[in-house]
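> sequence first, then the predicted structure, then my questions.
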Amino acid sequence: MENNYYPFVNLPLPYDYSALEPYIDAKTMMLHHDRHLQSYIDNLNELLRENPRLQRLSLEQLCGLGIGRLPTGLATEIKNNAGGVYNHRLYFETLRKPTGTGPVGELARAIERQFGDVTSLFGELKTAGMSVFGSGYAWLVSERGRLGIMTTANQDNPTGIKRGLCPVLALDVWEHAYYLKHYNLRGDYIDDWSQVIDWDRANSNYAECFK
Ligand code: MN3
């Protein structure tokens with residue numbers, strides 16, 4: 001991941017705001033990236049400004065740090081904002097304009113092995129995404145190459161929950177990810193999200209998990 005250390009900057013999306021239309025609308029993408037992600041970045045920089053020790057840690061390390069190792073009083077805020085940056089970057093970077101293509105490479109083989117096919121994978125991801133009460137994420141994660149599905153609350157990140165869990169796909173189910181277009185219909189948003197996954201990127205995320 002680029003720009004992985006303090007000071008964090010909001011890297012531009014690798015596609016136009018409208019690239020995911022008609023599945024995810026341009027206005028949602030603009031607000032989601034330029035305002036929501038931007039505020040996590042600003043907050044994280046502000047929290048780290050007076051903490052040179054923490055400035056040396058990568059974004060992943062900040063997400064994965066045991067809460068006991070963060071400065072008392074700032075721990076929850078750092079965890080929430082580092083997660084907010086990491087999770088959103090992964091979410092945005094693993095989307096692209098709809099191409100109608102499915103999983104590729106080693107990830108495709110792992111999905112087939114463990115879920116049977118991509119429809120079953122999406123069925124399980126949708127169930128997980130629908131089960132998040134309030135705000136959070138559903139994830140496709142790899143643990144030493146073995147795929148799994150999990151959910152997290154708020155901006156929690158799998159790497160902060162258990163060492164060795166490595167995110168492959170992040171499904172943001174906060175209402176800000178879909179409310180302008182899909183209103184309260186989270187399930188419809190999840191179906192639409194599945195149409196704009198960048199499977200090449202997902203496959204390279206999966207490969208990164210072996211490093
Ligand atoms: Mn979000």
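Great, that's in hand.
> okay, CA-based contacts and neighbour counts for the rest of this
Fine.
> continuing past the lowest-mean-pLDDT helix or strand in the chain, what's the next helix or strand?
Counting by mean pLDDT, DSSP states H and E, the chain has its least confident helix or strand at helix 158-161, which shows a mean of 88. As assigned by DSSP states H and E, the chain's next helix or strand after helix 158-161 is strand 165-172.
> and that following strand, what does it pack onto?
helix 75-93, strand 136-143, helix 158-161, helix 199-208 (3 or more C-alpha pairs under 8 Å, 6 or more residues apart in numbering; DSSP states H and E).
> just checking: what are the partner strands of it?
Under the criterion DSSP bridges, strand 165-172 sits next to strand 136-143 (antiparallel) in its sheet.
> contacts for the strand it pairs with next, please.
125, 128-129, 132, 147-156, 158, 164-174, 206, 209 (C-alpha atoms under 8 Å, 6 or more residues apart in numbering).
> give me the buried subset of these.
Among these, those scoring as buried are 125, 128-129, 132, 147-149, 151-152, 154-156, 158, 165-174, 206, 209 (criterion: 16 or more other C-alpha atoms under 10 Å).
> so where's this protein uncertain?
Applying pLDDT under 70 to the chain flags no residue at all.
> what are the boundaries of the helices in it?
Using DSSP state H, the helices of the chain run over 26-31, 38-48, 52-55, 59-64, 75-93, 105-115, 118-131, 158-161, 179-182, 186-193, 199-208.
> what residues of the second one count as buried?
For helix 38-48, burial by neighbour count (16+ other C-alpha under 10 Å) applies to 38-45, 47-48.
> quick one: which of these is nearest Thr101?
Distance to Thr101 across those (C-alpha to C-alpha) is lowest for Gln38, with 30.8 Å.
> and the closest residue to that closest one other than its chain neighbours, what is it in contact with?
Once flanking residues are discounted, Gln38 sits nearest to Asn10: 6.1 Å by C-alpha to C-alpha, 6 or more residues apart in numbering. By C-alpha under 8 Å, 6+ apart, the contact set of Asn10 is 34, 37-38, 41.
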